[in-house]
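Enquirer: Based on what follows, work out the 3D shape:
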Amino acid sequence: MQPLTIGKLAAAAGVNFETVRYYERIGLLPSPARTANGRRAYEHADVQRLAFIRRARELGFSIEDIRALLALAELPRASCAEVREIALMHLDKVRTKLADLARLECILAATLAQCSGDVAPSCPVLDMLDAGLKAPASFTRAARL
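Expert: Numbers count the residues shown, from 1 in each chain. Purely as a prediction, here's the structure:
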């Protein structure tokens, strides 16, 4: 099979060509062979690896987690227990983020419920965002209006 250019590799894996360069720079994607004129020459296996990385990033795995998953995937017999441990730690992070987002949703919904949308001397959304700020007296909502 004919080697792939960086553009064809990126398109086949659904990423930008700058992403390919970045993953090469940080070692997630091995440096490819070069043609006689110095262009990168990728193999079709690189498409699969890059698609794996893209999908793992879409799922929110960190670069270090992806590096570990790729290393495990390259073993003749991958340790499912080690993969499971990485995935469980990631699931915990996802659940924490979901809980944080649920709290944020409640705060925003409650604040927006107080907002009439009319011109008023006080806006609940802006007041909520200003809450906790220790701004100088010259920087108040009224001074900004």
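Enquirer: neighbours around residue 97, how many?
Expert: 11 (other CB atoms under 10 Å). In this view, the C-beta of every residue, glycine as well, is placed from N, C-alpha and C.
Enquirer: element containing it, please.
Expert: helix 80-113 (DSSP states H and E).
Enquirer: quick one, helices of this structure?
Expert: 6-13, 17-25, 44-58, 63-74, 80-113, 124-130, 141-144 (DSSP state H).
Enquirer: Would you mind measuring from residue 121 to residue 127?
Expert: To residue 127, residue 121 is 11 Å away according to CB to CB, to the nearest Å.
Enquirer: Between these two, which is the more surrounded one?
Expert: Under the criterion of other CB under 10 Å, the comparison of residue 121 against residue 127 puts residue 127 first, with 13 against 7.
Enquirer: Could you pull up the residues touching residue 53?
Expert: Residues counted as contacts of residue 53 (CB atoms under 8 Å, 6 or more residues apart in numbering) are 23, 28-29, 66, 70.
Enquirer: Show the model's pLDDT score for it.
Expert: Predicted confidence (pLDDT) at residue 53: the value is 97.
Enquirer: got it, and residue 121?
Expert: Taking residue 121 on its own, its pLDDT is 73.
Enquirer: okay, which residue of this protein is out on the far edge from center?
Expert: Computed with CA atoms, centre = their mean, the residue of the chain farthest from its C-alpha average is residue 121, at 39.6 Å.
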